[in-house]
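Trainee: Task: produce atomic coordinates for the following.
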Amino acid sequence: MQLVVVVPAVLCATGGQTGDLVDACLAGLVRQVDIDQPVVEGRAAAGCGQLKLTPELGATDGAQGVQKLRGDVLAREGRAAEAEREFLEELRLYPDRMDARVSLAALYASLNRRMDARRVVIELVSRQPSPESFLLGMRTFHGTGDREGEVQLRSEARRLFPSDPRFSRRASF
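Mentor: Purely as a prediction, here's the structure:
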């Protein structure tokens, strides 16, 4: 079984610009099908039909990643409160999802909720204190314009991982 997103043809025809179409998409967004080869693979697949959710997008295990995907769609539609609920639900169900934490932090930053965004990134690196999580946290701070958070996280990463050149003062993304 693979988790597949089915994009309704009517949504493709209009580009998904109306809230009603997004609601319709979200209502039947995911189903499991038994296929040998996905119709479309990859992160950038945007056409009609089926999109296999890759590990980057989530959902390689049951319904993991569905709320994160819904949250991303809702955030892009400007429905921040609903997006926040979806991200929080994803994290309640799957607390170690780094991508859901990054999306939630980006949403908070876009709403000028900087302290909430910072708290979410700190939770990310606290839950999974690895070089990769610190890099992801630093990139999140960088992408949301939180230079101070990025510098502080880089400093902490240098302390924890002194031999990792990715955390040097000169390293950049």
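
Trainee: Which parts of this structure belong to which domain?
Mentor: 1-59, 65-173 (automatic domain parsing).

Trainee: Keeping just the C-alphas, turn the helix or strand in which Arg85 is found into PDB.
Mentor: Assigned by DSSP states H and E, Arg85 belongs to helix 80-93. What follows is helix 80-93 as a C-alpha-only set of coordinates in PDB (Å, rounded to 0.1, in the frame of the first residue of the first chain):
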ATOM      1  CA  ALA A  80      -4.000  30.400   9.400                       C
ATOM      2  CA  ALA A  81      -6.100  29.300  12.300                       C
ATOM      3  CA  GLU A  82      -7.100  26.100  10.500                       C
ATOM      4  CA  ALA A  83      -3.600  25.500   9.300                       C
ATOM      5  CA  GLU A  84      -2.300  25.900  12.900                       C
ATOM      6  CA  ARG A  85      -4.800  23.300  14.100                       C
ATOM      7  CA  GLU A  86      -3.700  20.800  11.400                       C
ATOM      8  CA  PHE A  87       0.000  21.300  12.200                       C
ATOM      9  CA  LEU A  88      -0.600  20.900  15.900                       C
ATOM     10  CA  GLU A  89      -2.700  17.700  15.300                       C
ATOM     11  CA  GLU A  90       0.100  16.300  13.200                       C
ATOM     12  CA  LEU A  91       2.600  17.000  16.000                       C
ATOM     13  CA  ARG A  92       0.200  15.500  18.600                       C
ATOM     14  CA  LEU A  93       0.000  12.300  16.600                       C
END
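
Trainee: low-scoring pLDDT stretches of this protein, where are they?
Mentor: Under the criterion pLDDT under 70, the flagged ranges of the chain are 1-62, 171, 173.

Trainee: one more time with 90, if that's ok
Mentor: 1-65, 168-173 (pLDDT under 90).

Trainee: buried ones in the host helix or strand of Glu132?
Mentor: If you go by DSSP H and E, Glu132 is part of helix 131-143. By 16 or more other CB atoms under 10 Å, the buried positions in helix 131-143 come out as Ser133, Phe134, Leu135, Leu136, Gly137, Met138, Thr140, Phe141, His142. Where C-beta positions appear, they are placed from N, C-alpha and C, glycine not excepted.
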